[in-house]
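Undergrad: 3D model of this:
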Amino acid sequence: MSIDSDSVLIVGAGQSGLAAAHASLQQGLRPVLLEASDRPAGSWPRYYDSLALFSPACYSSLPGMPFGGDPERYPRRDEVVAYLERYAAALIERGAELRSDTRVEAVRPVGESGTSGFLVRLADGRELTASAVIAASGSFDLPHRPALPGLDAFAGPVLHVADYRSPDSLPGEHVVVVGAGNSAVQVAHELAAERRVTLASRAPIRFVEQRPLGRDLHFWFRLTGFDRLPLARAETPPASPVLDDGRYRRALREGRYTRKAMFARLDDDHAVWPDGRSERVDAVLLATGYRPNLPYLAGLGALDADGHPRQRRGLSVTHPGLGYLGLEWQRTPSSNTLRGVGVDARRVVATLARHLRGSRRHARV
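TA: The predicted structure follows:
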């Protein structure tokens, strides 16, 4: 089945895919969203129950639709899901096409480096052809599990935060949370209400005040232009600080949970710390981030040896009709957020639209 030359095929209908669809409509293109799950909300329905955004509602919307409600509140997970579903419905009314329960298995080039488009094979065996493809499948389905000494032989449960929902997800009295980012601290704080919690990390936690001078940090980001600041290309993205309204640092200071340097190893059901001391651990929770989930591009030659896309600011350096959205630190500090992905989408789709128009002119010659 072919998709017409004015269409762009978007893999994923989470926040990045929906932003891509909006930008495509703005360019006069017809977006076709392929979503593996049963609804257009990406990974949001599967985040832990207590998750709240780290930015207020007024800084947490996609292009063309404000979040609504109290602009200074920090929306919860289910509010974000409902917002994304409303956003998708509005896009469909404008001509976008959404195909849910549709998993992409592989993308292959048609012509040299995709100069004549792409062949997209779906999990049910069907095939589509498209002139342009945007990979917006995120990273939630590829959680990073670091090679920590003894982790694979640990006697208790080891859970990544991608599979954590609430304190009921973990048994036992003593939980070690591995990580130093927002999710690690937020979950450690939640668990500490009823468990003994140790936060283990290679570097100290770097807290940043969430509301300096009475205004949310994102107000200052927008005022100073920090959110729009293009990043220098880096092999390893910088670590994000923990946004804190005071409660996380206070809980740490009061000993409600503790922070230690990364354990030297796990030994059966014990953690051995760098100073040689050993203590029993009932469960380990990894809040160690994610990696781009792009297995369907493995045979295209668009990824490096580690599975990362060969791209610059969201545009493939190997295939001119291929774009990416939602990569961590793709172009700016806000690239993988509700507030920032729309700017990236506009730039990526504008370039792909020029590519499609150029391809059509070349075909007529």
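
Undergrad: Can you give me the domain assignment for the chain?
TA: Under the assignment automatic domain parsing, the domains of the chain span 7-141+290-364, 144-204+244-288.

Undergrad: and residue 221, which of those domains is closest to it?
TA: Minimum separation from residue 221 across the domains of the chain (CB to CB) falls at domain 7-141+290-364, 7.6 Å. In this view, the C-beta of every residue, glycine as well, is placed from N, C-alpha and C.

Undergrad: circling back: now, of the domains of the chain, which is deepest in the fold?
TA: Sort the domains of the chain by mean neighbour count, taking mean count of other CB atoms under 10 Å, and domain 7-141+290-364 sits at the top with a mean of 20.

Undergrad: now the strands for the stretch 101-250 of the chain?
TA: Using DSSP state E, counting those that start in this stretch, the strands of the stretch 101-250 of the chain run over 104-109, 118-122, 127-130, 133-135, 158-160, 174-178, 196-201, 207-209, 242-244.

Undergrad: Residue 171 reaches residue 282, doesn't it?
TA: Yes - between residue 171 and residue 282 there is a contact at 6.3 Å, judged by CB atoms under 8 Å.

Undergrad: ok so, going back, Serialize the domains of the chain to JSON lines and add fields for distance to residue 212 and mean pLDDT.
TA: Formatted as JSON lines, the domains of the chain follow (distance: least, CB to CB, whole Å; pLDDT from 0 to 100):
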{"stretch": "domain 7-141+290-364", "distance to residue 212": "14", "mean pLDDT": "92"}
{"stretch": "domain 144-204+244-288", "distance to residue 212": "11", "mean pLDDT": "96"}
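
Undergrad: And those domains: which comes nearest residue 225?
TA: Closest among those, using CB to CB: domain 7-141+290-364, at 9.9 Å.

Undergrad: what sits up against the lengthiest helix in the chain?
TA: Of all the segments of type helix in the chain, defined by DSSP state H, the longest one is helix 341-364. For helix 341-364, the surrounding residues in contact (CB atoms under 8 Å, 6 or more residues apart in numbering) are 5-6, 8, 15-16, 19-20, 22-24, 26-29, 62-63, 115, 131-132, 134, 228, 313-315, 320-321, 323-326, 330-332, 334-335.

Undergrad: and what of stretch 198-207?
TA: 174-180, 184-185, 188, 239, 241-242, 244, 248-249, 252, 257-263, 271, 281.

Undergrad: ok, residue 98 touching residue 39?
TA: No - using CB under 8 Å, residue 98 is not in contact with residue 39, being 9.2 Å away.

Undergrad: Quick check: neighbours shared by the two?
TA: Joint contacts of residue 98 and residue 39 (CB under 8 Å, 6+ apart) do not exist.

Undergrad: my read: residue 127 touches residue 119, true?
TA: Yes - counting by CB under 8 Å, residue 127 does reach residue 119; the two are 6.0 Å apart.

Undergrad: Tell me where this structure has helices.
TA: 15-26, 77-93, 182-191, 217-224, 247-253, 341-364.

Undergrad: Just put those helices in JSON lines and tack on distance to residue 287.
TA: Supplementary listing: these in JSON lines, determined by distance: least, CB to CB, whole Å:
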{"stretch": "helix 15-26", "distance to residue 287": "21"}
{"stretch": "helix 77-93", "distance to residue 287": "16"}
{"stretch": "helix 182-191", "distance to residue 287": "4"}
{"stretch": "helix 217-224", "distance to residue 287": "21"}
{"stretch": "helix 247-253", "distance to residue 287": "13"}
{"stretch": "helix 341-364", "distance to residue 287": "22"}
